[in-house]
Structures are given as C-alpha cells and as structure tokens.
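**Student:** What shape does this take:
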Amino acid sequence: MDFSIICLRCFFKQDFIAGSISVRFQLTDSSGADLNYEGMQDDFVRIDIAGPVSKAGNGYDWVRIEQITELSGGTGAVAIRLRPAANPCASSDHIAHFYVAAATSTFIVEWEKAVVYARIY
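**Tutor:** Okay, here's the model as predicted:
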C-alpha cells in the first residue's frame with residue numbers, strides 16, 4: 001500500500017491529545033457526510049476541538065483539503081494543507097473556523113516504525 005495512503009488513513013482515524021486538549025478529525029464530502037478513505041483534494045474535514053464552539057459550524061470547525069504532498073520520495077512524511085471553510089452542511093458561506101479564510105495550516109504526518117506523528121505548521 002502506498003505510504004501516503006497509510007499516513008492519511010491513520011490521521012483521519014485518530015483522536016489527538018496534547019496535554020489536556022483532545023482533537024478529532026473526521027473526513028467528509030462536500031455535503032458533510034462522513035467518508036472512510038484516505039482523503040483527497042477538496043474533501044472537507046470536520047474538527048471537534050475543545051474550546052468555544054463555532055455557531056456557523058454547528059459546534060465544529062471546518063476546513064477543506066487544499067493540497068496533499070508526499071514528502072521525501074515516499075520514505076517518511078505527507079504534508080496536508082488545509083484552509084478554513086464554510087460548513088458544508090449549511091447554506092451559509094460564513095467561514096466556520098477560528099482562523100480567517102486566507103489562512104492555511106499544514107499538517108505533516110510521519111510514520112516511523114509503529115508510531116504515527118502529526119505536526120501542525
């Protein structure tokens with residue numbers, strides 16, 4: 001199986017814990033329905049994170065996958081660039097995220113032996 005597919009499947013199936021904060025990422029399609037595959041450009045991600053809830057996102061933050069890039073020639077990492085998005089389940093085009101529409105976040109997902117690491121930039 002392709003390295004990037006393994007990393008992405010691991011990323012979208014996990015709860016991430018940093019100190020007392022946990023985050024869950026759920027891959028969805030353009031109508032907000034859950035997806036169960038590795039994800040691709042233009043899919044959405046519903047983010048359940050502790051803190052103030054987004055009214056526009058029905059309690060979630062939403063981002064769209066803008067780009068997925070396999071790094072290091074398939075030997076170590078995948079970069080996922082995400083951009084804040086409107087809630088695909090709503091008719092509003094209001095950004096449902098604590099960042100503005102012009103912002104992006106890049107997650108680097110690495111698989112080393114039996115451990116998956118995720119970093120955000």
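**Student:** Tell me which stretches of this structure form strands.
**Tutor:** Taking DSSP state E, the strands of the chain run over residues 15-18, 21-28, 44-49, 61-71, 77-84, 105-112, 115-120.
**Student:** Mean pLDDT and distance to H97 added to these, as JSON lines?
**Tutor:** All C-beta spots, glycine's among them, are computed from the backbone N, C-alpha and C. Formatted as JSON lines, these follow (pLDDT from 0 to 100; distance: least, Cβ to Cβ, whole Å):
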{"stretch": "strand 15-18", "mean pLDDT": "53", "distance to H97": "17"}
{"stretch": "strand 21-28", "mean pLDDT": "79", "distance to H97": "13"}
{"stretch": "strand 44-49", "mean pLDDT": "87", "distance to H97": "8"}
{"stretch": "strand 61-71", "mean pLDDT": "89", "distance to H97": "5"}
{"stretch": "strand 77-84", "mean pLDDT": "88", "distance to H97": "4"}
{"stretch": "strand 105-112", "mean pLDDT": "83", "distance to H97": "10"}
{"stretch": "strand 115-120", "mean pLDDT": "77", "distance to H97": "14"}
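**Student:** In TSV: the ones you listed, plus mean neighbour count and distance to A90.
**Tutor:** Below are the strands of the chain laid out as TSV (neighbours: other Cβ atoms under 10 Å; distance: least, Cβ to Cβ, whole Å):
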stretch	mean neighbour count	distance to A90
strand 15-18	10	25
strand 21-28	16	13
strand 44-49	20	12
strand 61-71	18	9
strand 77-84	20	14
strand 105-112	16	21
strand 115-120	13	25
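**Student:** For K55, which of the ones you listed is the nearest?
**Tutor:** Among the strands of the chain, strand 61-71 comes nearest to K55, with 11.4 Å by Cβ to Cβ.
**Student:** I appreciate the help and will end here.
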